[in-house]
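Asks: Following is a predicted model, sequence given first.
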Amino acid sequence: MEMKKVSISTKRQITIPLKYFTMLGFGTEAECMVRGNELVLRPARNNAGGEFAEQILADLISQGYSGSELLEQFKKAQSKVRPAVEEMLTEAERVASSESNYVSYEDIFDGEEEE
């Protein structure tokens, strides 16, 4: 693991070393989170939840949705994707650091009720 010490300004600002900035693909925004006793800074994700759009649409169409009802159901389903993926990633980090036991797909999605 490579490490570099950076200064923090009086306004709590830091400068990301160019090597890391370029290597990680930072743009104009970053995501900042606390993990344990660490501050994690990473390039902002610009995903709008469209990662599973084709699968969501195919499933909804197979359920008989069309027209404005299809659009409404698609928006509902799509809005659940990112929170579910983030929850799975958080739980995976807990499992990897031995803070939690194994969690299955059903554990994450079982609480979702179909409308």
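Replies: All right, it came through fine. Computed from a prediction, not measured in an experiment: that's the story for all the values here. Numbers count the residues shown, from 1 in each chain.

Asks: phi, psi of C32?
Replies: phi -130, psi 130 (degrees, to the nearest 10).

Asks: now do G67
Replies: Taking degrees, to the nearest 10 as the convention, G67 sits at phi 60, psi -140.

Asks: Give me the distance between it and F74.
Replies: 11 Å (CB to CB, to the nearest Å). All C-beta atoms are positioned from the backbone trio N, CA, C, and that covers glycine.

Asks: These two: which has the busier surroundings?
Replies: F74 (17 against 7; other CB atoms under 10 Å).

Asks: Assign that one to helix, strand or coil.
Replies: Taking DSSP: H, G, I helix; E, B strand; the rest coil as the rule, one finds F74 in the helix state.

Asks: which residues in the chain form helices?
Replies: 18-24, 53-62, 67-96, 105-109 (DSSP state H).

Asks: A30 is nearest to which of the ones you listed?
Replies: Nearest to A30 among the helices of the chain is helix 18-24 (9.4 Å), distances taken as CB to CB.

Asks: tell me what that closest one is packed against?
Replies: Here helix 18-24 touches no other helix or strand, going by 3 or more CB pairs under 8 Å, 6 or more residues apart in numbering; DSSP states H and E.

Asks: Now it: buried residues?
Replies: By neighbour count on 16 or more other CB atoms under 10 Å, the buried set for helix 18-24 is empty.

Asks: Point out where this structure drops to low pLDDT.
Replies: 46-51, 99-105, 108, 110-115 (pLDDT under 70).

Asks: any idea how it splits into domains?
Replies: 1-45, 47-115 (automatic domain parsing).

Asks: how about the helices of the chain, which one is nearest L41?
Replies: helix 18-24 (9.2 Å).

Asks: Dump the closest one to PDB, keeping only the CA atoms.
Replies: Output of helix 18-24 as PDB, limited to C-alpha atoms (Å, rounded to 0.1, in the frame of the first residue of the first chain):
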ATOM      1  CA  LEU A  18      -1.800  14.300  -8.700                       C
ATOM      2  CA  LYS A  19      -0.700  10.700  -9.000                       C
ATOM      3  CA  TYR A  20      -3.700   9.400  -7.000                       C
ATOM      4  CA  PHE A  21      -6.100  11.900  -8.600                       C
ATOM      5  CA  THR A  22      -5.100  10.600 -12.100                       C
ATOM      6  CA  MET A  23      -4.800   6.900 -11.100                       C
ATOM      7  CA  LEU A  24      -8.300   6.800  -9.500                       C
END
